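Colleague: Here is a sequence with its predicted model. Questions after.
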Amino acid sequence: MSALLDASTVSVPFESLKRVTRDRKYAVEEVEGLLKGVAAAAAGERGDSEGATAARLDQYVQQLQGLKRKLEATAEQEDAELARCRARLAHLRDLGAPPRDGQVAWNRRRVDALLVDHMLRCGHNRAAAALAASAGIQPLVELHIFAGAQRVVEALRAHDCGLALAWCEEHRARLRKARSRLEFKLRVQEFVELVRAGQQLEAIAYARRHLAPWAGQYMQELQRAAALLAFQAGTLCTPYRQLFEDQRWAELIELFHQELYRLNSLPPTSLLSIHLQAGLSALKTPLSLADSCCREDPLHLPAFRQLAEGLPYARHVHSKLICAITRELMDEHNPPAALPNGYVYSQKALMEMAAANSGRITCPRTGFSCDVSELRRVYIS
């Protein structure tokens, strides 16, 4: 089961490696086409003059040099992704089954990786990098992906779409294939900022160049944005006032994160949240959400209750009673016993306490003390 939970970490570098390999293939095909052109020009098949042939060959040389640099960068990226794949496969191979008395140490690297992933998604990149370095798990986490993404997010928080648009340009083919709305939303926001600044002529020119190509897909939104030229900033008309609200920058950041996760095969939700919800779904009962919820139940905390919203209640066919002292199951071999104050513990734990205290038992929760003869057997129906 542990290998299944951790196997998803391999998919991220593997998908990246596939994309890089595909890019290399396209670059090699382009080189082959250029080399054929060089051979044809050198053989004089086009019938050009000597000067035209030399100029054409110079052009081919420049294009080949550009492709050489591209292939070198691709090779470096391939090596990096291969190293990540090897490290994560080795991690899965060495993980094995948890030792009976060493589960905390066995889980340490996995928990550290979950924490790093969560911190990266929250924008705490330096803290995440420090934890990854101290735990020695840099090859197991996506520091390289979020490093570039953080610069885009910081620019959007500063109300600058430049880096985000450059990111869209870099991944245009894949974003278009996924029918992403991110670039269109960014273009609309830049148009809105021009209108806000009172630059009407610049806004019109910008719309003609950058918004008009999207008319076939988002005509209604495009028309609403264009109407801002008439309403201006500070309008009280709700549909147009919303376009000027700062909340739209937060929405752009959220949309950018969604596209980032999708393009890099990352789950849309923090892995830490997924693991916590999996555990909470096994603990959630109607009693867990009541005001009288036991203080030892994690769901008495507001943060955990928020995480458990929308999760189904756990289905327990048979209830199990666990002793709060020994954390052992209370059953017919270790029956529960009640103190006069109403608190219930396992008979084994209470007898061990009585043997160590001359027949006296002290409730660990309330401090109530009584004699062992005052215990009452509790029967489970």
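Modeller: Perfect, thanks for sending it.
Colleague: Next one: Leu350 from Arg360, what distance?
Modeller: With distances defined as CB to CB, to the nearest Å, the gap from Leu350 to Arg360 amounts to 11 Å. Where you see a C-beta, it was placed from the backbone N, CA and C, and this is true even at glycine.
Colleague: same question, Val10
Modeller: Here the criterion is CB to CB. By it, Val10 lies 57 Å from Arg360.
Colleague: Which one of those two is surrounded by more residues?
Modeller: Here Val10 and Arg360 are compared on neighbour count by other CB atoms under 10 Å; more neighbours surround Val10, at 17 against 12.
Colleague: quick one: that one and Arg86 touch, right?
Modeller: No: the pair Val10 / Arg86 is not scored as a contact, 10.1 Å apart, by CB atoms under 8 Å.
Colleague: which stretches of this structure form strands?
Modeller: 321-322, 329-330, 336-338, 344-346, 360-362, 369-371, 376-377 (DSSP state E).
Colleague: ok, how many other residues are close to Ile274?
Modeller: Taking other CB under 10 Å as the neighbour definition, Ile274 ends up with a count of 15.
Colleague: Contacts only, for it.
Modeller: Pro267 (CB atoms under 8 Å, 6 or more residues apart in numbering).
Colleague: likewise Thr9?
Modeller: For Thr9, the residues meeting the contact criterion (CB under 8 Å, 6+ apart) are 88, 91, 113, 140.
Colleague: Same list (those) but as JSON lines, adding pLDDT and distance to Ala354.
Modeller: Converted to JSON lines, the contacts of Thr9 look like this (pLDDT from 0 to 100; distance: CB to CB, whole Å):
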{"residue": "Arg88", "pLDDT": "85", "distance to Ala354": "53"}
{"residue": "His91", "pLDDT": "82", "distance to Ala354": "49"}
{"residue": "Ala113", "pLDDT": "89", "distance to Ala354": "46"}
{"residue": "Leu140", "pLDDT": "88", "distance to Ala354": "50"}
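Colleague: Mind putting these into JSON lines with neighbour count?
Modeller: Rendered in JSON lines, the data for the contacts of Thr9 read as follows (neighbours: other CB atoms under 10 Å):
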{"residue": "Arg88", "neighbour count": "22"}
{"residue": "His91", "neighbour count": "19"}
{"residue": "Ala113", "neighbour count": "22"}
{"residue": "Leu140", "neighbour count": "24"}
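Colleague: Farthest pair within the residues you listed?
Modeller: Greatest spatial distance among these (CB to CB): Arg88 and Ala113, at 10.0 Å.
Colleague: Now for those two: what residues contact both?
Modeller: In terms of CB under 8 Å, 6+ apart, Arg88 and Ala113 are both contacted by the residues 9, 140.
Colleague: Show me where the protein dips below the pLDDT cut-off.
Modeller: Residues of the chain that meet the criterion pLDDT under 70 lie in 1-8, 45-48, 316-318, 381.
Colleague: Longest helix in this structure, please.
Modeller: Taking DSSP state H as the assignment, the helix of the chain that covers the most residues is helix 50-95.
Colleague: Which neighbouring elements make contact with that helix?
Modeller: helix 2-42 (3 or more CB pairs under 8 Å, 6 or more residues apart in numbering; DSSP states H and E).
Colleague: all helices for the stretch 101-250 of the chain, in order.
Modeller: Using DSSP state H, counting those that start in this stretch, the helices assigned to the stretch 101-250 of the chain run over residues 103-121, 125-135, 143-157, 162-170, 172-177, 182-196, 200-206, 219-226, 228-231, 238-241, 247-263.
Colleague: can I get the CA coordinates of the third one in CSV?
Modeller: When you say that, I think you mean helix 143-157. Output for helix 143-157, consisting of C-alpha atoms alone and laid out as CSV, is shown next (Å, rounded to 0.1, in the frame of the first residue of the first chain):
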residue,chain,number,x,y,z
LEU,A,143,11.4,22.5,-6.0
HIS,A,144,12.3,23.2,-9.7
ILE,A,145,8.7,23.5,-10.8
PHE,A,146,7.6,25.9,-8.0
ALA,A,147,10.8,28.0,-8.2
GLY,A,148,9.7,29.5,-11.6
ALA,A,149,6.0,29.5,-10.6
GLN,A,150,6.7,31.6,-7.5
ARG,A,151,8.1,34.4,-9.7
VAL,A,152,5.0,34.4,-11.8
VAL,A,153,2.8,34.5,-8.7
GLU,A,154,4.8,37.4,-7.1
ALA,A,155,4.4,39.3,-10.4
LEU,A,156,0.6,38.8,-10.4
ARG,A,157,0.4,39.9,-6.8
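Colleague: That helix packs against which elements?
Modeller: Under the contact criterion of 3+ CB pairs under 8 Å, 6+ apart, helix 143-157 touches helix 103-121, helix 125-135, helix 162-170, helix 247-263.
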